[in-house]
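1. quick one, structure for this:
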Amino acid sequence: MRRTLLAAAAVWAGAALAQEDVSVDIEAGGMPAVQMNVRTTRKQAPPAEAQPAQKQPPSRTLGAEAFDLSYSPLGGGVNQIKVLTPEGAGAQVWNEAGTLEGTWDVPFNFKGHGGTYYRIILTLPSGEVVYDRKVEVREYLTGVLKAKGAPARAAPPPVVAVAAGPGAMAPGDFEALLEAVNGESFSDGKLSTVSTAADSAWFTVDQVGRLVDALDHSGDKVKVVEITRSHLVDKANGFKLFQHFTFSGDKDKVKQLLK
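-> Got it, this is the predicted structure:
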């Protein structure tokens, strides 16, 4: 009996040769146990297939002459780029690490991290790439990217008409003033620019509200109202300025200035 068991174990061991060591005890009746080391097969799972990474297109710089990019504190969004034209084009946005943030159809809004550059690629349905540049998402500002000569999707707010008295600053002149204020890096420079304009210009409440939004600190925002309050053509609409302030204390100061 022992010889039969040994023979069976040998056959089993041969079938599983050169795989994995396994200890086997064989007993028959009252005979002593026989311990053997044999090798058995263990099947391993195949390695997972690697997913191909999305490869960023080769570096190129297109669109500088055909597109405008401007920044403004208006629009209700912060740390944001609005791409308005060409409508129907496809867009890719890549971050600084070379990772694809997403794909969109123009027009679209992209909200990123302030002070960070993103690569925006615009491709027409024909496959032609018309824009490929890195643009900065600025803290607390909304950038507007559009083809030169293309109309904006939203009309600018109307200027309040005044029947008598001094006229408010013309829309084109006011936009130039606002651009100059935004071009200053520090609060003192922004306030100085507003003060210089207020020496001879008049404003609507809506225009002053836009100047208020161009300042970052609440105290500087109140200072804008103080500088322009004597040159408002529609002072009765002064209550509209309250919505440009977050803190109740600042709103109270504005109320006192407009009395």
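2. around the nearest residue to Lys253 once chain neighbours are set aside, how many other residues sit close by?
-> Excluding its sequence neighbours, the residue lying closest to Lys253 (Cβ to Cβ, 6 or more residues apart in numbering) is Val222, at 5.1 Å. Heads up, the C-betas are built off the backbone N, CA and C, glycines and all. Using other Cβ atoms under 10 Å, the number of residues around Val222 comes to 23.
3. from here on, call the first residue 182.
-> Got it, the first residue is 182 from now on, which makes the last one we talked about Val403.
4. could you pull up the residues touching the nearest residue to Gln424 once chain neighbours are set aside?
-> Once flanking residues are discounted, Gln424 sits nearest to Gly390: 7.8 Å by Cβ to Cβ, 6+ apart. By Cβ atoms under 8 Å, 6 or more residues apart in numbering, the contact set of Gly390 is Lys421, Leu422, Gln424, His425.
5. roughly how far does Gly390 sit from Val405?
-> From Gly390 across to Val405, the span is 9 Å (Cβ to Cβ, to the nearest Å).
6. what's the answer for Val287, then?
-> Val287 is 35 Å from Val405, by Cβ to Cβ.
7. look at these two and report which has more neighbours.
-> Val405 (26 against 20).
8. next, the buried residues of the strand or helix carrying that one.
-> According to DSSP states H and E, Val405 maps onto helix 399-409. Buried positions in helix 399-409, judged by neighbour count with 16 or more other Cβ atoms under 10 Å: Asp401, Lys402, Val403, Lys404, Val405, Val406, Ile408, Thr409.
9. quick check: buried residues in the host helix or strand of Gly370?
-> Element membership for Gly370, per DSSP H and E: helix 368-379. Going by neighbour count (16+ other Cβ under 10 Å), the buried part of helix 368-379 is Lys371, Leu372, Thr374, Val375, Ala378, Ala379.
10. dump these into TSV; add pLDDT as well.
-> Formatted as TSV, the buried residues of helix 368-379 follow (pLDDT from 0 to 100):
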residue	pLDDT
Lys371	95
Leu372	96
Thr374	95
Val375	96
Ala378	94
Ala379	94
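11. of all these, which two lie farthest apart?
-> For the buried residues of helix 368-379, the farthest-apart pair by Cβ to Cβ is Lys371 and Ala379; their separation is 12.7 Å.
12. and stretch 431-440, what's buried?
-> Asp431, Lys432, Lys434, Val435, Leu438, Leu439.
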